[in-house]
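Engineer: just coords:
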């Protein structure tokens, strides 16, 4: 018998950033790489309420939620 586990790690990086930066708690947060054509690596659950998701261009995420907190990928 084969057992397959599916683990949703979509908000893992956002959770790691929240552990390091508690000031981001209860605020919409995305984790992304800072580049001209950057995309959202992951989004917190607060950001997802605005329709923000992984692989979305950063400029579009900022249009959907102007008060978005942006954490740049540095530890991963």
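Structural biologist: Nice, I can see it. In this text, all values refer to a predicted model and were calculated from it rather than measured experimentally. Numbering: from 1, shown residues only.

Engineer: tell me the contacts of residue 11?
Structural biologist: Taking Cβ atoms under 8 Å, 6 or more residues apart in numbering as the criterion, residue 11 is in contact with 42-45. Any C-beta I mention is one placed from the backbone N, CA and C, and that applies to glycine too.

Engineer: neighbours around residue 54, how many?
Structural biologist: Residues within reach of residue 54, counting by other Cβ atoms under 10 Å, total 16.

Engineer: I'd guess it is in a strand, am I close?
Structural biologist: No. Assignment of residue 54 by DSSP: H, G, I helix; E, B strand; the rest coil gives coil, placing it outside any strand.

Engineer: In this structure it contacts residue 47, no?
Structural biologist: No. Judged on Cβ atoms under 8 Å, residue 54 makes no contact with residue 47 at a distance of 10.6 Å.

Engineer: Which of the helices or strands spans residue 46?
Structural biologist: For residue 46, the host element (DSSP states H and E) is helix 45-48.

Engineer: Would you mark the buried spots in that helix?
Structural biologist: Neighbour-count burial for helix 45-48, counted by 16 or more other Cβ atoms under 10 Å, picks out 46-48.

Engineer: what's the answer for stretch 7-22, then?
Structural biologist: Of all the residues in stretch 7-22, those buried under the rule 16+ other Cβ under 10 Å are 11, 13-14, 17-18.
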